[in-house]
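**Student:** Give me coordinates for this.
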Amino acid sequence: MKFLIFEMKTVCYNSYLYFGDALGSALKNFGHEVEYFKIDEDSLDDLENYVGAKYDCLIDFNSDLPRALMDDDSYFLDHVDAPFYDIILDHPLYHHDTLQINLNNFHVVCLDDNHKNYIHKYYPHIKSVVVTPMTGELAFGQDSIDWDDFESRPYDILFSGTYTAPTRIEASILKLPTMLRENVYALIDMMKANSNLTIEEAVDELASNDIYDYINSDKPLHTQSFYLADTYIRCLNRKKLVETLDKSNYPLHLFGGLWDELDLKHANIHRELPFNLTFTVFAKSKITVNIMPNFKAGSHDRVFSGQLNGAVSLTDPTSLLLKEYQDNASILFYDLNNMDAIIEKLDSSLSDLTKLKKIAQNGYEIASKNHTWTNIVNIIIDDLN
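**Tutor:** Numbering: from 1, shown residues only. So this is what the prediction gives:
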């Protein structure tokens with residue numbers, strides 16, 4: 001089969017570029033032909049060269065391509081003979097402007113079963129939706145995990161990601177029109193009171209209060225307008241988590257931007273790393289910490305990237321992870337509603353490195369079986385067939 005992978009965005013520590021390259025490499029390992037359009041190497045004008053071309057599949061990540069127009073206002077992607085797969089890495093509400101485009105052959109890969117249901121409900125023109133979390137790989141230069149070296153890994157607790165102060169998001173909320181601002185705050189209060197509530201469930205609850213009278217076709221547009229509620233909760237939860245981790249008896253290492261803005265007492269703050277280099281520090285960690293971006297039925301790639309590099313993943317649970325992993329046996333789970341309990345769990349786990357290594361080994365086995373780029377390729381190929 002012949003694939004064209006677009007790498008149109010150099011954001012999020014170049015994670016999109018890594019995902020595109022890793023997916024392409026896995027496809028080539030299956031014997032497929034892969035071409036790339038890379039925005040840092042190709043000109044946007046070069047997209048015209050694909051008009052009339054034929055491929056078995058086009059792939060992009062968090063794509064804006066469905067909105068690209070020809071001179072006659074027809075959609076560019078409708079002039080390429082191929083199904084288009086948009087791999088969206090966030091909640092669909094952040095991609096409403098793209099998902100609403102009625103392309104001839106539009107497909108989506110998403111990270112969460114709830115997101116799949118949302119897309120099926122509100123974007124029926126999309127021909128298929130499949131679910132698979134993204135993943136990572138063994139750090140460059142490593143052939144295997146040296147389990148004999150686990151106890152001497154230099155980073156006891158590691159978190160990789162950017163800090164965004166909730167006050168920054170609140171500054172944006174305060175600029176909203178009065179009614180919209182009040183409803184965003186109402187949604188925030190709902191999700192703070194119930195950490196299991198998804199943003200779409202919160203919006204449904206808001207709508208049931210007769211504040212809005214809209215039909216389903218309007219719902220995704222309204223949900224998009226409330227994106228700051230989702231963003232605020234994500235930032236608030238990340239802040240609370242790291243402040244809690246900072247209380248551990250064991251050193252916390254943070255890799256990412258702007259953590260110096262948070263008043264931390266003990267954390268070791270390291271420079272930002274390109275996405276593919278985070279695997280190197282995961283391979284030096286005993287425990288890698290994750291917090292879901294409000295995913296309740298999927299996963300963030302940090303979970304599997306840490307496990308594939310021999311670290312124990314500490315994360316809030318989702319229905320996907322609960323099906324595959326067992327707490328204190330192959331993973332460490334924490335409760336968003338009881339973050340104070342994380343410290344006892346961390347200190348207890350790090351005081352018994354023999355047991356912790358066994359958890360790491362069990363997690364590695366599951367991730368190696370279920371969450372590799374080979375698994376992702378199989379899911380996409382199955383959908384194409």
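**Student:** which stretches of the chain form helices?
**Tutor:** Remark: helices assigned in the chain by DSSP state H are 15-29, 96-99, 113-122, 166-173, 178-193, 199-208, 219-225, 227-245, 278-282, 301-308, 319-324, 341-350, 353-370, 373-384.
**Student:** The most far-flung residue of the chain relative to its centre and N237, how far apart?
**Tutor:** Farthest-out residue of the chain from its mean C-alpha position, per Cα atoms, centre = their mean: D72, at 35.9 Å. Per Cβ to Cβ, to the nearest Å, D72 is found 46 Å from N237. For the C-beta atoms, the positions are set from N, CA and C on the backbone; glycine is no exception.
**Student:** Low-confidence regions, the stretch 201-350 of the chain specifically.
**Tutor:** 210-217 (pLDDT under 70).
**Student:** now the strands: where do they sit in the stretch 1-150 of the chain?
**Tutor:** Using DSSP state E, counting those that start in this stretch, the strands of the stretch 1-150 of the chain run over 2-7, 33-38, 57-61, 84-87, 106-110, 128-131.
**Student:** now the ones you listed in a markdown table, with distance to S299, mean neighbour count and mean pLDDT?
**Tutor:** Listed next are those as a markdown table, based on distance: least, Cβ to Cβ, whole Å; neighbours: other Cβ atoms under 10 Å; pLDDT from 0 to 100:
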| stretch | distance to S299 | mean neighbour count | mean pLDDT |
| --- | --- | --- | --- |
| strand 2-7 | 22 | 21 | 96 |
| strand 33-38 | 26 | 16 | 96 |
| strand 57-61 | 17 | 24 | 97 |
| strand 84-87 | 14 | 25 | 98 |
| strand 106-110 | 12 | 23 | 98 |
| strand 128-131 | 10 | 18 | 98 |
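**Student:** With distance to T278 as new columns, can those be given to me in TSV?
**Tutor:** TSV is the format used below for the strands of the stretch 1-150 of the chain (distance: least, Cβ to Cβ, whole Å):
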stretch	distance to T278
strand 2-7	18
strand 33-38	21
strand 57-61	17
strand 84-87	19
strand 106-110	22
strand 128-131	24
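**Student:** In CSV: the helices of the chain, plus mean neighbour count.
**Tutor:** Below are the helices of the chain laid out as CSV (neighbours: other Cβ atoms under 10 Å):
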stretch, mean neighbour count
helix 15-29, 20
helix 96-99, 18
helix 113-122, 19
helix 166-173, 15
helix 178-193, 16
helix 199-208, 18
helix 219-225, 19
helix 227-245, 20
helix 278-282, 22
helix 301-308, 26
helix 319-324, 16
helix 341-350, 16
helix 353-370, 18
helix 373-384, 16
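**Student:** Dump these to CSV, plus distance to I145.
**Tutor:** Formatted as CSV, the helices of the chain follow (distance: least, Cβ to Cβ, whole Å):
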stretch, distance to I145
helix 15-29, 19
helix 96-99, 39
helix 113-122, 30
helix 166-173, 37
helix 178-193, 38
helix 199-208, 37
helix 219-225, 42
helix 227-245, 24
helix 278-282, 11
helix 301-308, 9
helix 319-324, 19
helix 341-350, 18
helix 353-370, 6
helix 373-384, 18
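**Student:** I'd like to know which of the ones you listed lies nearest to N290.
**Tutor:** Nearest to N290 among the helices of the chain is helix 301-308; the distance by Cβ to Cβ comes to 4.2 Å.
**Student:** name the helices or strands packed onto that closest one?
**Tutor:** Judged by 3 or more Cβ pairs under 8 Å, 6 or more residues apart in numbering; DSSP states H and E, the packing partners of helix 301-308 are helix 278-282, strand 285-289, strand 312-315, helix 353-370.
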